[in-house]
Structures are given as structure tokens and as C-alpha cells.
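Visitor: task: produce atomic coordinates for the following.
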Amino acid sequence: MKDEELPRRLRDAAGAHRPDRERMLARVERGMNGGNTPARVVRPPRAVTPWLRVAGATAAVCGVLAVGAFAVTSTGGDGSHGEQVAAPVTSSPTAAATPPAPLGALRAEDGPLWTDGVVDPHSNAYWAQSNVTLRTTEPLSSLTVELRIALTGGVNTTGSWRSLPERDFTVSATEDGGYLVYRWALKAGRTVPAGTHTFAGQYDHAEGDRDATGDYVTAHAVRASGERASVGDRFGPDR
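Guide: The predicted model follows:
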């Protein structure tokens, strides 16, 4: 072989060489680990199929939309200081703790307890608030107030509030027996002080003046002495 051909052959060999990148990386890794662990083959990431990216994004959006919450705090519609609570409405034939009282059996006063129900004057052609005033001259160790709104056209809950502390009551809004029922139940170990207290239920309704004649409220209480008292009142112009 002539001396002048050697440089040309070396250049051709260098140009034709294709290094095995994965094998080189594996050897370097073995050297760094002292040869005690098997080499991990490094591969370039695979491209994600476009339809998989779309499916993943869709699932993420659906997951976000599935999360809900339903609690709001504000002042009452008539300026009262009670917090507003919007409770999810459920339908159950046994949702109410007490059965509907015969309208003729309702009495506004019983011992230290007195109640009155009236539609708030700030109600309008699409929305209304029903106010319940409860007065007691003695502390109460137990109290359950139920406000029943007849399910006339378009009636749907938009929230409720009470002037007594929120933490003292369990609150619910259910549909039962043709009524939207707001229920406030005093928690065990809590006490309602003597005084005048307000409970209110808010709801949408069909456009126009709604007839509240079928609406009514009941309250069942246990006095500090252990004696029971029950009162109720109807809404509407002919009560």
C-alpha cells in the first residue's frame, strides 16, 4: 500500500462510521456505577398519539366540571345579619322529620312560644322570600322549625338563612309531599335563648304574583323545664 493512500482510506472509514449511541451511554453508566448494576438503556421518548392528547384533555375538563359546592354567606334579603345557606334539594318521601300538620290544627301560640309567617315585601314577580318570626320567653333546649312552600309553578330553592348562629343548626331543603321543605334543627347540646328570632326560605317561582295560601310553618320545641311546645302559622292573605 502506498503511503499516500493511507490518509484517504482513514478519512473514508471515519466518514462511514456510525457510533452506537445507546451502547456508549450504557457503557458510561456501567462505569459510573462501578459495573455492579445492570445498565439502563436510554431511549428517546415516544411521540404521544394526537388522539390520546385530546382524550386526556377532555377527561381533565370533565373532572373539573364534576366538582361542585353549594355554600354561600351573605346578609339576608331584608338586611338581617343571618348567613345565607343554599342547600341541595333532594326528593324523598321521608325527608321531613315531622309529618305535615293539618292546617286547621295550627296555632300561633303555645306557652312561651309564638310564631308568625309572612311573605317578604321585597319579593318580586320571579323570586320570593318567606319570613318566619319565632318568639320565645324561655330558653329552648330543642327546636325544629319547618317552613313548607307549596310546589306551585317554577318553585325552586335559592337559599335560606336564620338570625341565630349557623353553627347551632342543621339545615336542609327537601321536596316532600308537594312541598319545598326548609328545615332548621337545633343541634344536641345547643340552646335557643329567650327572644325574637327569624328564619327565612328563598326560592324562584313562575312569573307573576304567586299565591302563598298553601304555605305554612311549624315549630316544635322543648323548654328548659322539659315541657314541649308546638306552634304553626299559615301564609297567604286569608290566613
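Visitor: every contact and neighbour count from this point should use C-alpha atoms.
Guide: Fine.
Visitor: for the protein, which segments count as strands?
Guide: Across the chain, reading from the start of the chain, the strands by DSSP state E fall at 84-85, 89-91, 109-110, 113-119, 127-136, 140-150, 156-162, 169-176, 179-186, 195-204, 216-223, 228-234.
Visitor: in a markdown table, list these along with mean pLDDT.
Guide: Conversion of the strands of the chain to a markdown table gives the following (pLDDT from 0 to 100):
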| stretch | mean pLDDT |
| --- | --- |
| strand 84-85 | 46 |
| strand 89-91 | 41 |
| strand 109-110 | 94 |
| strand 113-119 | 96 |
| strand 127-136 | 97 |
| strand 140-150 | 97 |
| strand 156-162 | 97 |
| strand 169-176 | 97 |
| strand 179-186 | 98 |
| strand 195-204 | 98 |
| strand 216-223 | 96 |
| strand 228-234 | 96 |
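Visitor: let's have these in CSV, adding distance to E5.
Guide: Formatted as CSV, the strands of the chain follow (distance: least, C-alpha to C-alpha, whole Å):
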stretch, distance to E5
strand 84-85, 94
strand 89-91, 93
strand 109-110, 121
strand 113-119, 109
strand 127-136, 100
strand 140-150, 105
strand 156-162, 94
strand 169-176, 97
strand 179-186, 101
strand 195-204, 98
strand 216-223, 111
strand 228-234, 115
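Visitor: can I get the ones you listed in CSV with mean neighbour count and distance to R210?
Guide: Written out in CSV, the entries for the strands of the chain read as follows (neighbours: other C-alpha atoms under 10 Å; distance: least, C-alpha to C-alpha, whole Å):
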stretch, mean neighbour count, distance to R210
strand 84-85, 22, 23
strand 89-91, 14, 21
strand 109-110, 16, 27
strand 113-119, 22, 10
strand 127-136, 22, 9
strand 140-150, 23, 10
strand 156-162, 24, 13
strand 169-176, 20, 18
strand 179-186, 23, 14
strand 195-204, 20, 10
strand 216-223, 23, 14
strand 228-234, 22, 15
